[in-house]
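Trainee: Return atomic coordinates for the entry below.
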Amino acid sequence: MKYFLIYLFVEVLVSVNISSAIGAFATFGEIVFSAIVGFVLLANMRLTLMQNMQALMQGEISVESFERLNLWSFVGALLLILPGFFTDILGLSLQFSAFVTLIASKLLHVKKEPPHFRSKNPQLKEEEIIDVEVIDDSNTK
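Mentor: Below is the predicted model of the structure:
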């Protein structure tokens with residue numbers, strides 16, 4: 001409840017300051033435009049999700065990266081749909097992975113992942129590797 005009240009205070013403060021500077025018609029146009037952008041991003045979310053799934057299957061990104069990219073992109077699109085300048089600024093910034101990585105590392109205390117992975121299969125862990133030696137019995141007979 002405390003965070004919601006802080007959000008409302010910041011949203012009203014930012015919206016009043018910006019709308020008084022740019023005028024009523026520009027404010028209305030910005031609200032409509034940002035809602036359209038949010039709906040377009042939500043409509044294209046399926047394509048983005050499929051591209052990220054392919055990157056996950058090929059081992060280019062980790063599971064945590066996959067979850068983080070898709071979740072924050074979805075939240076950003078929803079914030080763009082909501083009216084208000086502060087939510088639009090947050091929603092737009094959540095569409096960029098560099099900002100999402102910064103927020104995740106600072107606020108959520110997520111450790112940085114290595115730039116290159118050892119295995120193409122991100123679900124395979126090092127302790128699960130079993131070393132097997134094949135013995136050919138066809139030469140002994």
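
Trainee: Okay, now the unreliable bits of this protein?
Mentor: Flagging of the chain using pLDDT under 70 yields the residue ranges 104, 107-129, 139-141.

Trainee: Let me see the ranges of the helices in it.
Mentor: Along the chain, counting by DSSP state H, helices occupy 2-22, 24-43, 45-57, 63-81, 85-93, 97-107.

Trainee: got TSV for these, with distance to residue 137 and mean neighbour count too?
Mentor: Yep, even glycine has a C-beta here, placed from its N, CA and C like the rest. Formatted as TSV, the helices of the chain follow (distance: least, Cβ to Cβ, whole Å; neighbours: other Cβ atoms under 10 Å):
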stretch	distance to residue 137	mean neighbour count
helix 2-22	68	12
helix 24-43	60	14
helix 45-57	37	13
helix 63-81	41	18
helix 85-93	64	19
helix 97-107	53	14
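
Trainee: To residue 133, which of those lies closest?
Mentor: helix 45-57 (30.0 Å; Cβ to Cβ).

Trainee: tell me the angle that closest one makes with helix 24-43.
Mentor: 50 degrees (axes from the mean of the first three to the mean of the last three Cα atoms, to 10 degrees).

Trainee: Distance of the residue nearest the centre of the chain relative to residue 34?
Mentor: Among the residues of the chain, the one closest to the centroid is residue 69, at 2.7 Å (Cα atoms, centre = their mean). Distance of residue 69 to residue 34, given as Cβ to Cβ, to the nearest Å: 21 Å.

Trainee: again, but for residue 52
Mentor: 24 Å.
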